[in-house]
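# Turn this into a structure:
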Amino acid sequence: MSAFNLLHLVTKSQPVALRACGLRSGSCRDKKNCKVVFSQQELRKQLTPLQFHVTQEKGTESAFEGEYTYHKAHGIYKCVVYLFVSVCMSETKFDSNSGWPSFYDVINSDTVTFTDDYSYGMHRIEISCSQCAAHLGHIFDDRPRPTGKRYCINSASLSFEPVDEDSAGEGSSSFPAAQTDKAEL
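Residues are numbered from 1 along each chain as shown. Next up is the predicted model:
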């Protein structure tokens, strides 16, 4: 058994950081427990290579280069894999100077799951879509009131739906528009 697996077994029942953050633990990473499951082939057709890397391989996009990093339009940010899951609202978005879109809260705590992440030699809390297990980003305890949380979410894992057509200004492209720029694998 690898050190990571052993550490995961030990912390799975008592995730210290999740308890400290006041968040519930749980994950849909085991596809058997997901409510919506897509085949890898289907996802490769649906998503851009970057979207696939971030959501399915727990990747991250380059800092300050994501489509929604400087995005100011009013609306709802949804999971790019399963568009029926609304993750965050523009009203909770703030500039964290971290290089990724940051929010101080999610729309509903049932839309995301939190899992201990020990990659890169550090402990973080991963945020995933509760319906399809797509990797969204990470949560940190270092930001504004009222929650004190920073939901640091990759633009590549999000789709944006403007509140109305007047809000659909520059930088607020929706999921279908992102598909037109998809590169072949």
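# is it true that Val87 touches Cys129?
Yes. Contact criterion Cβ atoms under 8 Å: Val87 and Cys129 qualify, at 7.4 Å. Heads up, the C-betas are built off the backbone N, CA and C, glycines and all.
# Can you pull the residues that touch both of those two?
79, 111-112, 136 (Cβ atoms under 8 Å, 6 or more residues apart in numbering).
# Dihedrals phi and psi, Gln56?
Main-chain dihedrals, Gln56, degrees, to the nearest 10: phi -110, psi -30.
# Lys78 too?
phi -120, psi 160.
# Specify the local secondary structure of the closest residue to it other than its chain neighbours.
Once flanking residues are discounted, Lys78 sits nearest to Ser159: 4.8 Å by Cβ to Cβ, 6 or more residues apart in numbering. Secondary structure, DSSP: H, G, I helix; E, B strand; the rest coil: Ser159 is strand.
# Can you check the pLDDT for Ser159?
In this prediction, Ser159 carries a pLDDT score of 97.
# again, but for the one 3 residues further on
The predicted local distance difference test score for Pro162 is 96.
# Please name every helix or strand in contact with the helix or strand Ser128 falls within.
If you go by DSSP states H and E, Ser128 is part of strand 124-129. Other helices and strands packing on strand 124-129, by 3 or more Cβ pairs under 8 Å, 6 or more residues apart in numbering; DSSP states H and E, are helix 16-21, strand 112-117, strand 135-140.
# Lowest average pLDDT across these?
helix 16-21 (a mean of 34).
# now the helix or strand just after that one: mean pLDDT?
The element immediately downstream of helix 16-21 (helix or strand, assigned by DSSP H and E) is helix 40-46. Taken as a whole, helix 40-46 has a mean pLDDT of 95.
# okay, and for this structure, where does confidence drop off?
1-34, 165-185 (pLDDT under 70).
# separation between the residue positioned nearest the centre of it and Gln41?
In the chain, the centroid-proximal residue (Cα atoms, centre = their mean) is Leu136; its distance is 1.5 Å. Distance, Leu136 to Gln41, using Cβ to Cβ, to the nearest Å: 22 Å.
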